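Enquirer: Please find the sequence and the predicted model below.
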Amino acid sequence: MSKEFFEAVKLLEEERGIPVEYIYEKISAAIVSSLKRDYNGKDIVHCDIDPDKQKIKVYVQKNVVDEIEDPDTDLTLEQAQLIRKSAKVGKTVDIPIKTKDLGRVVAQKAKQVIRQGLREAERGQMYEEFKSKNQELVSAKVDRIDPLTGNATLVIGKNVTVLPKSEQVPGEALREGDTVKVFIVDVKETGKGPKIMISRTHPGLVRRLFEQEVPEIYDGTIEIKSVSREAGSRSKIAVFSKNDDVDPVGACIGPRGQRVSSIVDVLGGEKIDIVRFSENTEEFVAASLAPSEVCSVEILDEAAKTCRATVPDDQLSLAIGNKGQNVRLAVRLTGWNIDIKPESGFFEGAESI
């Protein structure tokens with residue numbers, strides 16, 4: 001094969017990031033697959049590619065026999081010695097096939113197999129890249145927005161994937177050329193290639209942003225216990241400090257609120273309540289209803305995980321939140337069903353979630 005061929009393969013590796021070894025393996029398999037048909041599919045065709053010497057050796061290996069039983073696989077001693085003088089019965093001989101003698105149809109079929117192999121390689125590479133980033137936060141560039149569906153095509157590294165409209169933050173207007181943070185929810189291998197599920201609305205995005213912004217979370221001093229989120233509107237995050245000298249809420253807020261402000265900016269102004277986690281259910285539920293004050297929390301049914309929070313009358317609407325959002329997020333954050341009761345005992349306007 002020509003020097004240009006090997007240079008082209010090397011260029012393919014540089015442009016697509018596919019290892020040359022993988023490419024040569026697929027090319028070899030393609031040539032073998034094409035030529036085997038000339039021998040009724042028998043596994044006697046071989047292809048050795050030597051990129052160092054820039055040579056491709058294609059050959060058929062046949063058995064040297066006294067009497068031919070299968071003309072596809074056997075040669076008589078006389079026939080074999082015409083190819084290699086030292087041939088002996090019971091051994092094999094390699095019959096070289098000059099690559100320039102490959103017919104147009106065979107060459108075309110080989111190209112198709114190679115092309116398919118390269119597609120598989122790219123899909124495999126894409127799967128491995130995203131698998132290593134599963135449940136992680138990555139930066140992506142918006143390539144285009146589908147005007148009909150609103151789905152956004154994103155470029156992540158050398159790969160392209162789609163952010164569905166349903167996984168975009170409500171009210172957020174993505175534009176071509178924007179760089180955005182996305183959370184890789186899951187990566188699955190399917191018959192049609194890897195399926196990458198990405199999101200801008202997943203609570204995991206908020207969790208990873210705090211891990212990036214707060215050193216005490218990154219080094220393990222502070223632990224994120226849970227996150228609840230209604231993307232574009234409000235999130236709640238429960239944090240716990242393993243060091244009594246470190247205030248988990250203060251560390252997440254940061255000096256002059258810089259840390260949480262940076263995260264709010266990335267999320268386009270989404271409000272964030274940072275809650276101190278406690279093993280004491282009453283304390284945790286009370287904290288989860290921030291920014292509302294809570295007078296007391298009563299456990300109603302431990303097994304069913306239901307409780308009642310009593311709040312000052314003037315805090316009732318704040319505890320419930322707009323259309324029940326605050327108490328709804330608190331329920332997801334704590335895992336407890338929460339009844340809201342005004343301190344006066346009058347339940348008009350109270351909410352149970």
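Expert: Structure's in. What do you need?
Enquirer: Which strand or helix spans residue 226?
Expert: Following DSSP states H and E, the helix or strand that holds residue 226 is strand 222-230.
Enquirer: which residues are contacting that strand?
Expert: Strand 222-230 has contacts (Cβ atoms under 8 Å, 6 or more residues apart in numbering) with 201-204, 206-207, 210-211, 214, 216-217, 235-242, 246, 248, 251-252, 277, 325, 328-335. Yep, even glycine has a C-beta here, placed from its N, CA and C like the rest.
Enquirer: hmm, 7 Å instead?
Expert: 203, 206-207, 210, 214, 216-217, 235-242, 246, 248, 251, 277, 325, 329, 332-333 (Cβ atoms under 7 Å, 6 or more residues apart in numbering).
Enquirer: So which of those residues are in helices?
Expert: Residues of the contacts of strand 222-230 located in helices (DSSP state H): 203, 206-207, 210, 216-217, 248, 251, 325, 329, 332-333.
Enquirer: buried sites along the strand holding residue 226?
Expert: 222, 224-230 (16 or more other Cβ atoms under 10 Å).
Enquirer: partner strands of it, parallel or antiparallel?
Expert: In the sheet, strand 222-230 lines up against strand 234-241 (antiparallel) (DSSP bridges).
Enquirer: can you give me the offset of stretch 121-128 from its chain's centre?
Expert: 11 Å (Cα atoms, centre = their mean, to the nearest Å).
Enquirer: which parts of it are buried?
Expert: Buried residues in stretch 121-128 (16+ other Cβ under 10 Å): 121-123, 125-127.
Enquirer: same check, this time on stretch 88-99
Expert: 92-93, 95, 97.
Enquirer: Could you dump those into CSV and include pLDDT, secondary structure and distance to residue 47?
Expert: Compiled in CSV, these are given as follows (pLDDT from 0 to 100; DSSP: H, G, I helix; E, B strand; the rest coil; distance: Cβ to Cβ, whole Å):
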residue, pLDDT, secondary structure, distance to residue 47
92, 93, strand, 16
93, 93, strand, 17
95, 90, strand, 13
97, 82, strand, 9
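Enquirer: before we move on, the earlier item: pull the CA atoms of the strand holding residue 226 into CSV?
Expert: Only the C-alpha atoms of strand 222-230 are listed here, as CSV (Å, rounded to 0.1, in the frame of the first residue of the first chain):
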residue,chain,number,x,y,z
ILE,A,222,-18.8,19.2,54.4
GLU,A,223,-21.2,16.6,53.0
ILE,A,224,-24.2,17.3,50.8
LYS,A,225,-26.9,15.2,52.3
SER,A,226,-29.7,15.9,49.8
VAL,A,227,-30.9,18.3,47.1
SER,A,228,-34.4,19.2,45.9
ARG,A,229,-35.0,21.5,42.9
GLU,A,230,-37.5,23.1,40.8
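Enquirer: Can I get the buried residues of stretch 121-128 in TSV including secondary structure, distance to residue 192 and pLDDT?
Expert: What follows is those, written out as TSV (DSSP: H, G, I helix; E, B strand; the rest coil; distance: Cβ to Cβ, whole Å; pLDDT from 0 to 100):
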residue	secondary structure	distance to residue 192	pLDDT
121	helix	15	74
122	helix	13	74
123	helix	9	78
125	helix	16	76
126	helix	12	77
127	helix	12	81
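Enquirer: will you turn those residues into CSV that also has distance to residue 190?
Expert: CSV is the format used below for the buried residues of stretch 121-128 (distance: Cβ to Cβ, whole Å):
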residue, distance to residue 190
121, 16
122, 15
123, 10
125, 16
126, 12
127, 10
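Enquirer: if we can go back for a sec, can you give me how far the strand holding residue 226 is from the chain middle?
Expert: 21 Å.
Enquirer: Check stretch 83-103 too.
Expert: Centre to centre, stretch against its chain (Cα atoms, centre = their mean), the figure for stretch 83-103 is 48 Å.
Enquirer: Next: stretch 119-127.
Expert: The answer for stretch 119-127 is 13 Å, by Cα atoms, centre = their mean.
Enquirer: ok, residues contacting that stretch?
Expert: Contacts for stretch 119-127 (Cβ under 7 Å, 6+ apart): 16-18, 22, 26, 159, 187, 189, 193-194.
Enquirer: circling back: can I have the buried ones of the contacts of strand 222-230 as a PyMOL selection?
Expert: Restricted to buried positions by 16+ other Cβ under 10 Å, the PyMOL selection for the contacts of strand 222-230 reads:
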select buried, resi 203+206+207+210+214+216+217+235+236+237+238+239+240+241+248+251+277+329+332+333
